[in-house]
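In: Okay, structure incoming, though there's no sequence with it:
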C-alpha cells in the first residue's frame with residue numbers, strides 16, 4: 001500500500017513538474033509573441049509619425065513657396081494663406097477677381113491667378129476651388145443668368161478652375177470646383193467689411209488620399225506700420 005502511494009506521489013510530482021515546465025514554456029512563448037507584437041506596433045507608429053512629419057514639412061515648404069509668389073497680394077490683404085489638418089488654403093477676395101454679380105475674371109484677378117498658377121502646377125495635390133458669397137440676394141436683373149448665390153458662387157469657382165487649366169496648364173484631373181453660396185461665411189453678414197470677407201474664392205490643396213475637411217483659416221499678413 002505504501003509502495004503504491006509512493007508511486008502515486010512520484011507520478012503526481014512528475015505531472016506537476018511537467019505542467020510547470022509547460023506553463024513556463026507557454027509563458028515564454030506568449031512573452032515572445034507579445035514582444036514581437038509590441039515591436040510591430042512600435043514600427044508601425046514610427047512609420048506613421050515619419051509620414052506625418054514628412055507631410056508637415058512638405059506642407060510648410062509649399063506654404064513658403066506660395067507666400068513668396070504672392071508677397072504683394074498678401075500685404076494688400078487681397079490674398080490670405082493658411083493651413084490646417086494637412087490642407088493648405090489660399091483665400092482670394094472677390095474684389096480683385098470679379099465685378100459684382102459677375103463670374104468673369106477681372107484683369108487684376110488674372111494677374112493674381114497668374115502668379116499663383118505656377119506654384120500650384122509644380123505640385124501634385126488635388127486643387128479644390130470653392131466659390132463663396134455674402135447673403136445679399138441676386139438682383140432681379142441678374143436672375144436670368146444666376147438665379148441665386150449658389151449659381152453665382154459655382155460659376156466663379158468654375159471660372160478659376162478654367163483659368164488654371166487653360167492659362168496655368170494645370171492637369172484638369174487635379175482640379176475641382178464647387179459653389180457654397182452664402183452658406184459658409186467666415187464672418188457674420190452684419191456689416192459691409194464682413195460681407196466683403198465672405199465674398200471670396202478659396203483654393204484648397206489636399207494631398208492625394210487625404211479627406212476633405214473644413215478649410216484652413218488662412219492667416220492674414222501682419223499689418224504694416
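Out: Nice, thanks for sending it over. What you see is a predicted model, and the numbers here were worked out from it, not measured in a lab. Numbers count the residues shown, from 1 in each chain.

In: give me the low-pLDDT residue ranges for this protein?
Out: Across the chain, the ranges flagged by pLDDT under 70 are 1-13, 34, 43, 46-55, 208-225.

In: where do the strands sit along the protein?
Out: Secondary structure of the chain, counting by DSSP state E: strands at 79-84, 87-93, 126-132, 175-179, 200-206.

In: Adjacent strands (with direction) for the shortest one?
Out: Here the strand partners of strand 175-179, with direction, are listed using DSSP bridges: strand 126-132 (parallel).

In: any idea how far the strand it pairs with is from the chain center?
Out: Strand 126-132 sits 12 Å away from the centroid of its parent chain (CA atoms, centre = their mean, to the nearest Å).

In: Return the set of buried residues in that strand.
Out: For strand 126-132, burial by neighbour count (16 or more other CB atoms under 10 Å) applies to 126-132. All C-beta spots, glycine's among them, are computed from the backbone N, C-alpha and C.

In: now do stretch 67-86
Out: Applying 16+ other CB under 10 Å to stretch 67-86 flags 67, 69-70, 73-74, 78-83, 86 as buried.

In: quick one: which of those is nearest to residue 98?
Out: Nearest to residue 98 among the buried residues of stretch 67-86: residue 78, at 12.5 Å, using CB to CB.

In: List the contacts of that closest one.
Out: 92-93, 95-96, 112 (CB atoms under 8 Å, 6 or more residues apart in numbering).

In: ranking the residues you listed by neighbours, who comes first?
Out: residue 92 (23 neighbours; other CB atoms under 10 Å).

In: how does the chain divide into domains?
Out: As assigned by automatic domain parsing, the chain contains the domains 1-61, 70-206.

In: so of those domains, which one's packed in deepest?
Out: Comparing the domains of the chain by mean neighbour count (mean count of other CB atoms under 10 Å), domain 70-206 ranks first with a mean of 18.

In: end to end, how far does that domain reach?
Out: 19 Å (CA to CA, to the nearest Å).

In: where does that domain sit relative to the chain's centre, distance-wise?
Out: The chain centroid and the centroid of domain 70-206 are separated by 17 Å, computed with CA atoms, centre = their mean.

In: now do stretch 24-34
Out: Centroid displacement of stretch 24-34 relative to its chain, using CA atoms, centre = their mean, is 44 Å.
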